[in-house]
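>>> give me a model of this one.
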Amino acid sequence: MSGASWIGPESRWSGGLAHWTVGDRAFLSVAFTFRLPDARKLAIYYGALGLKVFAGGPALAHMKTQRYMQDVAWVPKGAGNPGRLIGALQRHNPAATIASRGCSEDCSFCIVPFMEGGFTQLPDFPVLPVLCDNNLSGLPADYQDFIVRRYQEAGVPLLDANSGFEPRTFSASVFDRWRIINRGVWRLAYDDLVERDFIRSAMAILRRAGVPPRKIQIYTLLGNEPYDACMQRVREVIEWGGEPFCQPLMKLVALTRDPHVKHDWTARKLRAVARWANNHMWRSDAPRFEDYNPNVRRAPRTRYDERQGLFI
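Below you'll find the model as predicted:
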């Protein structure tokens, strides 16, 4: 199947849980652990229909769900894993693809090191508009060039480099390479103050090239550091010409979509800061978070953006 045939379908994410049937088999692919209770209900439902249930994906692998869902007749270990089944990613989003697995970083709050380890190249990947590699800038330069050529040859625009680039490895040469095909936002992460110089340099490269703030989206983790440190990162992203996208810290094994409270944070404050930042209230209504009253319904509550695959 050529990549060009995938330009048309609109990018829509499943919300972290995809399921489908083929003959007498039911497949479940679960990305987020907080979708496991829903996956369990589906597994029981499909089992009651007499179907063989095959389940996989990052959440299930991390939770070792043969124990978690012990009353469901699972297949033997390794016999069926939709996370590695060809086409499983497209069940979550028909426009999504991946050219490599793994990452060169080892972040404690990320499931990738546990699931995939270091980089594994997938040169036969289907060329589709949403590229979900964990760390594009950390890949070897020749493989980055290979990915870009594949997109050019297929005539497919890169509409979303979904997991984005690592600030430690983002350079002017990386930008020049990917700007040829990237038509979406530039996504980087500012996870802690240790990355301050790296993210500032990366954002400066983008701004000097004329990339507008709305196309510089910086994932800004909340709760892994004290309040003042996290808010410093949020303010700096805005000051340096980007837009923060705040994500409250969660446990990798959380069965509900609730923040993991540490330091001087509360769950209420974590949600409020994320809502203030992600709804761009810092632009006018409440330039400082201290000016924001979370009890006033000036913006919609957190919702799932099917196009980005993000809770905003």
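>>> any idea how this structure splits into domains?
Per the record, the chain has its domains at 3-68, 88-311, by automatic domain parsing.
>>> and residue 25, what are its phi and psi?
With angles defined as degrees, to the nearest 10, residue 25 sits at phi -120, psi 140.
>>> how close does it get to residue 48?
15 Å (Cβ to Cβ, to the nearest Å). Yep, even glycine has a C-beta here, placed from its N, CA and C like the rest.
>>> and the two? which has more neighbours close in?
Counted by other Cβ atoms under 10 Å, residue 25 and residue 48 do not tie: residue 25 has more neighbours, with 14 against 8.
>>> neighbours around the nearest residue to the more buried one once chain neighbours are set aside, how many?
On the basis of Cβ to Cβ, 6 or more residues apart in numbering, the spatially nearest residue to residue 25 that is not a chain neighbour turns out to be residue 52, at 5.0 Å. Residues lying near residue 52 (other Cβ under 10 Å) number 16.
>>> separation between residue 52 and residue 218?
For residue 52, the distance to residue 218 - Cβ to Cβ - is 44 Å.
>>> ok, now residue 123?
Distance from residue 123 to residue 218, by Cβ to Cβ: 30 Å.
>>> neighbour count: these two, which is higher?
residue 218 (27 against 10).
>>> what is the subsequent helix or strand relative to the strand or helix carrying that one?
Using DSSP states H and E, residue 218 falls within strand 216-222. Where DSSP H and E defines the elements, the next helix or strand beyond strand 216-222 is helix 227-239.
>>> show me where the stretch 51-200 of the chain has its strands.
52-56, 96-97, 100-101, 120-121, 130-131, 160-161, 186-189 (DSSP state E, counting those that start in this stretch).
>>> shaky segments in the chain?
1-10, 62-85, 104-119, 297-312 (pLDDT under 70).
>>> which residues does the residue of it most remote from its centre contact?
Taking Cα atoms, centre = their mean, the residue of the chain most remote from its mean C-alpha position is residue 50, at 34.3 Å. In this structure, residue 50 makes contact with residue 24, judged by Cβ atoms under 8 Å, 6 or more residues apart in numbering.
>>> can you map out the helices along the stretch 51-200 of the chain?
58-63, 65-68, 88-92, 112-116, 141-154, 172-178, 196-208 (DSSP state H, counting those that start in this stretch).
>>> list the contacts of the fifth one.
Spelled out, it's helix 141-154. 2-4, 99-100, 121, 123, 125, 127, 131, 136-137, 139, 157-158, 173-174, 177-178, 180-181.
>>> tell me, how many residues neighbour residue 235?
Residue 235: 15 neighbours (other Cβ under 10 Å).
>>> and it, how far from residue 289?
Applying Cβ to Cβ to residue 235 and residue 289 gives a distance of 9 Å.
>>> and if you look at residue 86?
Counting by Cβ to Cβ, the gap from residue 86 to residue 289 is 45 Å.
>>> identify the residues contacting the nearest residue to residue 267 once chain neighbours are set aside.
If the residues on either side of it in the chain are set aside, residue 267 comes closest to residue 259, at 5.0 Å by Cβ to Cβ, 6+ apart. Residue 259 makes contact with 222-223, 248-250, 265, 267, 270-271 under the criterion Cβ under 8 Å, 6+ apart.
>>> more neighbours: which of residue 86 and residue 289?
Neighbour comparison, residue 86 and residue 289: the larger count goes to residue 289, with 18 against 8 (by other Cβ under 10 Å).
>>> what does the more buried one show for phi and psi?
phi -60, psi -30.
>>> assumed residue 246 was part of a helix.
No. Applying DSSP: H, G, I helix; E, B strand; the rest coil, one finds residue 246 to be strand, outside a helix.
>>> that one is in contact with residue 273, isn't it?
Yes. The criterion here is Cβ atoms under 8 Å, and residue 246 meets it with residue 273 at 6.0 Å.
>>> and for the two, which residues touch both?
Counting by Cβ under 8 Å, 6+ apart, the residues touching both residue 246 and residue 273 are 222, 234.
>>> ok, back up a step: any idea how far the residue nearest to residue 25 is from residue 272?
Where residue 272 is concerned, residue 52 sits at a distance of 45 Å (Cβ to Cβ).
>>> can you redo the strands of the stretch 51-200 of the chain as CSV with distance to residue 201?
Output for these, formatted as CSV (distance: least, Cβ to Cβ, whole Å):
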stretch, distance to residue 201
strand 52-56, 38
strand 96-97, 29
strand 100-101, 24
strand 120-121, 27
strand 130-131, 23
strand 160-161, 19
strand 186-189, 11
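>>> can you say which of those is packed in most?
strand 130-131 (a mean of 26; mean count of other Cβ atoms under 10 Å).
>>> so which elements touch it?
Contact partners of strand 130-131 among helices and strands, from 3 or more Cβ pairs under 8 Å, 6 or more residues apart in numbering; DSSP states H and E: strand 96-97, strand 160-161.
>>> JSON lines for those, including distance to residue 39?
Shown next, in JSON lines, are these (distance: least, Cβ to Cβ, whole Å):
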{"stretch": "strand 96-97", "distance to residue 39": "19"}
{"stretch": "strand 160-161", "distance to residue 39": "25"}
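>>> I'm done for today, thanks for sticking with me.
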